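Novice: Next comes the sequence, and after it the predicted model I'd like to discuss.
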Amino acid sequence: MNTTLKIYTGFTLALLLGTLAIGLVASWAFLYPEIYNDYIPFYQLRPIHVSMALFWIISGATICVMNFKKEFFSSLFGSRLESIFIYLWMITIVTILVFYGFKKFGGREYWEFPPLLSLPLLAAWLLLIVSYFTDWKKLPGKQPLYVWMWSTGILFFLITFLEQNLWHIPWFRQSFLREITVQWKSNGSMVGAWNQMIYGTALLLMVKMSNEPAIARSKKAFAFYFLGLTNLMFNWGHHIYNVPSAGWIRHVSYAVSMTEWLIFISIVQGFRQKMDERSKFRHLIPYKFIIASEFWVFMNLLLALFMSVPAINRYTHGTHITVAHAMGATIGINSMILLAAFSYMLNIHSIKEEVKKRFIKYYWLSQGSLMLFWLSLIGAGIVKGYRHTALKIEPFQEMMRPVMSVLKVFSYSGIGVLIGLGGITFILLKQLKRERVAADISKPSKLYLWKQESR
Amino acid sequence: MAKKIWIVLFISFLIYSASVYTNCDKKAETALNKEVKKGWDVWQAKNCQSCHQVYGLGGYMGPDLTNTASEKGPEYMKGFIKYGTGRMPNYHLNDDEIESLLAFLTWVDKSGRSAVPEKAVHWTGTYIIDDK
Ligand code: HEM
């Protein structure tokens, strides 16, 4: 890892710490706005929290791709462009946070910063694309699945980011239904884009830990990749089932979403094999995070499958079940895989035994409290769905009263998530400072792996 | 083989995207006038969506505002926007900004209903909503 990538890694881990701390304060501002409105209101905390969360994930994904791809393809030209990407990207993120500090917003869900700041983000991403694909072109032979996934993710992030900004063309705003449809089309697919980068990394980690390159070559793995890609492209409509836009959008996305049952069934079928695998690799810290992510895939996929049935979505839409879905996936799946990759890159196994013990304690604390966190959000959502959609209780505050009580549990469990994930992040940051990191990158064994794979 | 599948999917994605852009709204459009556009800009600049949803999308601290204009009326809304409440902050907006926000929310209201009535649920689980 060169110095620039090291700085970027530190910056990205700091974003995770910020996400956690601001998330907790945001939950208090949600519960007690009378106190916070005068100092730092929820409408300021939420964008800081959500933007930090998304940038932790997207930046983390780019670090994984940039770091691991070097084993297979890289060039001096590519690395130079990457460095420019990194600095431009980091400076823009800091600028965005400063704008939030001054209450300057762009007011669009998940991308709540003034729209002009999309320009440097776009420029940075283009540099990353040029650097990635010029090196990628030189790859020999058939590529393993994770390279496919990285390429797909990087490309689709650009496409969805551009789509996200189509509203600047006045025609899109002429119709509110069109605007909201396109906004959620791009938001929905963008999640799929970073998932491609992150799941690709998880696959590579499994190849490395098990020393079985075949798993990134199998027909079944490719079949599931295409299923995932189809969902990325066409299943976003579940965000807008209730929007009265053309009916076929709803039906297509309902039908496509239901194909994810295949993924679910395959997880259940592979369960026994997973148990064998677990007993083999359990001692590896990155593997622990991979197992955690797989557990959360299982839980969140089940939830998502239910939410994707319009008749059920009628109750869950617009409630904290959506927040459970969003945070369950970004923390439970994305963050766990990123932490697996970061622990691997930072040679976490070289830390002192006592620190390792502490690390594992933090790990279990984070899993346990995340479970409570997630369940309480679902609980809050069920209560609201029932009181709002079934009982139609008015006024709003009366309808929300019991929801707020459940959200107190959510806020308390957030303290556990903060300590657990925060503790892990601190140890990783210390290790980053200490370690020359990822010394294993240029070891011959890895090159051997590639050769074997590209046969 | 994999490359071919990829290309076919990608082309389908492009075609699907184009048809979504052009065909998603089949209603007779109510033109976006200057006042509405200004209100929309205020809505975004003040980040109202961090607490309010439109069609269920946005933050969850306050109520969904899609149909408040027709259900409770602009005068009712004006009170909240002008003074805030204990929970909703007072933005100290001027009358101009408030009027345009109301114009925007009234325009949004005309685009459809956020709540899906029970009878729109089809036996297959999907909705059949009148999109004309
Ligand atoms: C200490 C732990 C955390 C707490 C207490 C917390 C709290 C919150 C709160 C109060 C919201 C606003 C929900 C609303 O609009 O009503 C939120 C939204 C969100 N948070 Fe967190 N958060 C935490 C950690 C995280 C982490 C680690 C991530 C991701 C890495 C994350 C990702 C998100 C996302 C994506 C949303 C938007 C959800 C949506 O409205 O669809 N959060 N969080």
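Specialist: Perfect, I can see it now. Numbering: from 1, shown residues only, chains lettered A, B, ... in the order given.

Novice: for the chain, which spans come out with low pLDDT?
Specialist: Using chain A. Under the criterion pLDDT under 70, the flagged ranges of chain A are A:271, A:435-455.

Novice: ah, no, chain B please
Specialist: Using pLDDT under 70 as the threshold, the predicted model of chain B has low-confidence ranges B:28-30, B:130-132.

Novice: which residues in it form strands?
Specialist: Counting by DSSP state E, chain B has these strands, from start to end: B:53-54, B:57-58.

Novice: possible to save those as TSV with mean neighbour count?
Specialist: To be clear about C-beta, it is placed using only N, CA and C from the backbone, and glycine gets the same treatment. Formatted as TSV, those follow (neighbours: other C-beta atoms under 10 Å in any protein chain shown):
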stretch	mean neighbour count
strand B:53-54	22
strand B:57-58	22
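
Novice: and A:Met149, which of these is closest to it?
Specialist: strand B:57-58 (28.5 Å; C-beta to C-beta).

Novice: What residues of stretch B:15-29 count as buried?
Specialist: When burial is assessed from 16 or more other C-beta atoms under 10 Å in any protein chain shown, stretch B:15-29 yields the following buried residues: B:Ser17, B:Val20, B:Tyr21, B:Cys24, B:Asp25, B:Lys27.

Novice: contacts for that stretch?
Specialist: Residues from elsewhere that reach stretch B:15-29 (C-beta atoms under 8 Å, 6 or more residues apart in numbering or on different chains): A:163, A:172, A:174-175, A:177-178, A:181-182, A:185, A:233-234, A:244-246, A:249, A:252, B:111-112, B:131-132.

Novice: Please apply the same query to stretch A:350-357.
Specialist: Surrounding stretch A:350-357, the residues in contact under the criterion C-beta under 8 Å, 6+ apart are A:Ile285, A:Ile348, A:His349, A:Phe359, A:Ile427, A:Gln431, A:Glu435.

Novice: Show me the chain divided up by domain.
Specialist: Because you didn't say which chain, this covers chain A. Structural domains assigned to chain A are A:1-71+A:73-138, A:158-274, A:276-455, following automatic domain parsing.

Novice: think we crossed wires, I meant chain B
Specialist: Per the record, chain B has its domains at B:1-31, B:33-120, by automatic domain parsing.

Novice: who's in contact with the residue most central in space within chain B?
Specialist: When chain B is reduced to its mean C-alpha position, the closest residue under C-alpha atoms, centre = their mean turns out to be B:Val54, at 4.2 Å. Applying C-beta under 8 Å, 6+ apart, we find B:Val54 in contact with A:Ile180, B:Asp64, B:Leu65, B:Thr66, B:Val108, B:Ser114.

Novice: closest to the ligand among these?
Specialist: Closest to the ligand out of those is B:Asp64 (12.7 Å), distances taken as C-beta to the nearest ligand atom.

Novice: Go ahead and confirm the closest one touches B:Gln53.
Specialist: Yes. Taking contacts as C-beta atoms under 8 Å, B:Asp64 lies within contact range of B:Gln53: 4.4 Å.

Novice: anything in contact with each of these two?
Specialist: With C-beta under 8 Å, 6+ apart, B:Asp64 and B:Gln53 have common neighbours A:Gly318, B:Ser114.

Novice: which residues are there in the stretch 301-450 of chain A that come within reach of chain B?
Specialist: Taking C-beta under 8 Å from any C-beta of the partner chain as the criterion, the stretch 301-450 of chain A approaches chain B at residues A:309-312, A:314, A:317-320, A:322-323, A:389, A:396-397.

Novice: And the helices in the stretch 101-250 of chain A?
Specialist: Per DSSP state H, counting those that start in this stretch, the stretch 101-250 of chain A carries helices over the ranges A:118-136, A:145-164, A:170-173, A:176-210, A:219-234, A:247-258.

Novice: Tell me where the longest helix sits in chain B.
Specialist: Looking only at chain B and at elements set by DSSP state H, the helix with the highest residue count is helix B:2-23.

Novice: so how far is that helix off the chain centroid?
Specialist: 27 Å (C-alpha atoms, centre = their mean, to the nearest Å).

Novice: Closest approach to the ligand from the stretch 101-250 of chain A, which residue is it?
Specialist: Checking the stretch 101-250 of chain A residue by residue against the ligand with C-beta to the nearest ligand atom singles out A:Tyr110 as nearest, at 7.1 Å.

Novice: Hmm, I typed the wrong one, I wanted the stretch 1-150 of chain A.
Specialist: Distance from the ligand to each residue of the stretch 1-150 of chain A (C-beta to the nearest ligand atom) is smallest for A:Gly23, at 2.8 Å.

Novice: Stretch A:11-23 vs chain B: in contact?
Specialist: No. For a cut-off given as C-beta under 8 Å from any C-beta, stretch A:11-23 has no contacts with chain B; the smallest distance is 13.1 Å.

Novice: Nearest approach to A:Leu139 belongs to which of the strands of chain B?
Specialist: strand B:57-58 (40.5 Å).

Novice: what residues does that closest one touch?
Specialist: A:Glu109, A:Ile180, A:Trp184, A:His239, A:Ile240, A:Gly318, B:Gln49, B:Ser50, B:Cys51, B:His52.

Novice: Could you single out the nearest of the residues you listed to A:Asn37?
Specialist: Proximity to A:Asn37 was ranked across these by C-beta to C-beta; first place goes to B:Cys51, at 10.9 Å.

Novice: Looks like that closest one contacts A:Pro47 (just checking).
Specialist: No. Under the contact definition of C-beta under 8 Å, B:Cys51 does not touch A:Pro47, with a separation of 11.3 Å.
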